[in-house]
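Engineer: how would this look folded up:
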Amino acid sequence: MAQAADPLPEQGAARALFDEALADMKAGRWTVACPKLERGTLLDRGTGMRHNLALCYEHTGRPASAWSLFVEVAKDAAAQGQPQREQVARAHAAALEPKLSYIVVVVPADSRIDGLEVRRDGQPLAATQWGAKTPVDPGTHAIEAFGPARRTWRKEVSVTQDGETIKVTIPSLVPGSSPGYDSDAGEPARPGLTTTRKVGLVVGGVGVVGIAVGSWLGLRAISRNNESNDLGCVGNECTEAGAAARRSARSDGNLSTIGFAVGAAGLVGGAALWIFGGPSGTSRASIHAGHGTALSGITLQGAW
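Structural biologist: Next up, the predicted model:
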């Protein structure tokens, strides 16, 4: 017969994580301690490990996670004849209850198709949980619904206040196989701009700027040419002041020509990228530029 795996290495690793986390918690390094306790609970589900993980959650802004663990620890401590730990865990859970926020996922009868699966933050919700208040930690939570030959439905909600309840209603899923449509409108989402079309908009924008700059420089060239005539230029014969104005006019004229050329190329190129860069296209384009509040008295559970 095969020998059972020696539990001592796992127990030793769990004990080391527990001791390190306890030292971090006593020093106020809660965010450092939590991951160690999370790893520790994978090796040992003792009430001491879980109680301290609940404390970590409580002090790092995760009241729902803390509350559920305290309730779990209190139940197990009672079963294991640990009245003091049970009492402390229940006290913490009671103190957290007023701060709990909830999400209620409602699935109307006309949305309940065969094979429907509802998830919150990637975790399946049993049908018994539909319509029930579920405590959640602050932050953004994703609600998704899946069904055979149906488009995936998804909605994100944000929990920002203590004690709030957010209701999310699952609509009738739209037939199809591709995911994603607006959860509030219930209509398929319009596809976003392709990369090629985004590049086309940028190139077209450069074209518009080029035309605008070319026009401005052209008008200034005409103005300076007229100024040179007023300053004594007749044909190619100019006074010193007139010659300076004439040179400025020619410079502006040359720059205007360049601006129009760049603008025209940008408009034509942008239009081409837009026309041929729709969602069904397969072309690719890129741009390259040269230039908590806790109970008074922290009750760390140092007992293993």
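Engineer: low-confidence ranges in the stretch 1-150 of the chain?
Structural biologist: Counting by pLDDT under 70, the stretch 1-150 of the chain has low-confidence residues at 1-9.
Engineer: try it again with 90
Structural biologist: Across the stretch 1-150 of the chain, the stretches falling below the confidence threshold (pLDDT under 90) are 1-15, 18, 21-22, 41, 43-45.
Engineer: quick one, helices of it?
Structural biologist: With helices called from DSSP state H, counting those that start in this stretch, the stretch 1-150 of the chain shows them at 8-26, 30-43, 47-59, 63-79, 83-96.
Engineer: can you redo the ones you listed as a markdown table with mean neighbour count and distance to residue 218?
Structural biologist: Where you see a C-beta, it was placed from the backbone N, CA and C, and this is true even at glycine. Supplementary listing: the helices of the stretch 1-150 of the chain in a markdown table, determined by neighbours: other CB atoms under 10 Å; distance: least, CB to CB, whole Å:
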| stretch | mean neighbour count | distance to residue 218 |
| --- | --- | --- |
| helix 8-26 | 16 | 70 |
| helix 30-43 | 18 | 63 |
| helix 47-59 | 24 | 68 |
| helix 63-79 | 20 | 67 |
| helix 83-96 | 18 | 72 |
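Engineer: of all these, which one comes closest to residue 174?
Structural biologist: Evaluated over the helices of the stretch 1-150 of the chain, closeness to residue 174 peaks at helix 63-79, with 31.9 Å, by CB to CB.
Engineer: ok now that closest one, how far from the chain's centre?
Structural biologist: Average the C-alpha atoms of helix 63-79, do the same for its chain, and the two points are 31 Å apart (CA atoms, centre = their mean, to the nearest Å).
Engineer: between helix 30-43 and it, find me the angle.
Structural biologist: Regarding helix 63-79 and helix 30-43, their directions subtend 50 degrees when assessed with axes from the mean of the first three to the mean of the last three CA atoms, to 10 degrees.
Engineer: output helix 63-79 as CSV, nothing but the C-alphas.
Structural biologist: Output in CSV follows, covering the C-alpha atoms of helix 63-79 (Å, rounded to 0.1, in the frame of the first residue of the first chain):
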residue,chain,number,x,y,z
PRO,A,63,-15.9,44.1,5.4
ALA,A,64,-17.9,41.5,3.6
SER,A,65,-15.0,39.1,3.3
ALA,A,66,-14.2,39.7,7.0
TRP,A,67,-17.8,39.2,8.1
SER,A,68,-18.3,35.9,6.3
LEU,A,69,-15.1,34.5,7.8
PHE,A,70,-15.9,35.7,11.3
VAL,A,71,-19.3,34.0,11.0
GLU,A,72,-17.7,30.8,9.7
VAL,A,73,-15.1,30.8,12.5
ALA,A,74,-17.7,31.4,15.2
LYS,A,75,-19.7,28.4,14.0
ASP,A,76,-16.6,26.1,13.8
ALA,A,77,-15.3,27.4,17.2
ALA,A,78,-18.6,26.5,18.8
ALA,A,79,-18.5,23.0,17.3
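Engineer: for that helix, give me every contacting residue.
Structural biologist: Contacts with helix 63-79, where a contact means CB atoms under 8 Å, 6 or more residues apart in numbering, come from 47, 50-51, 53-58, 83, 85-86, 89-90, 92-93, 96-97, 99-101, 135-138, 162, 292.
Engineer: rewinding a little: tell me which of the helices of the stretch 1-150 of the chain sits nearest to residue 213.
Structural biologist: helix 30-43 (53.2 Å).
Engineer: which strands and helices sit next to the closest one?
Structural biologist: Under the contact criterion of 3 or more CB pairs under 8 Å, 6 or more residues apart in numbering; DSSP states H and E, the helices and strands touching helix 30-43 comprise helix 8-26, helix 47-59.
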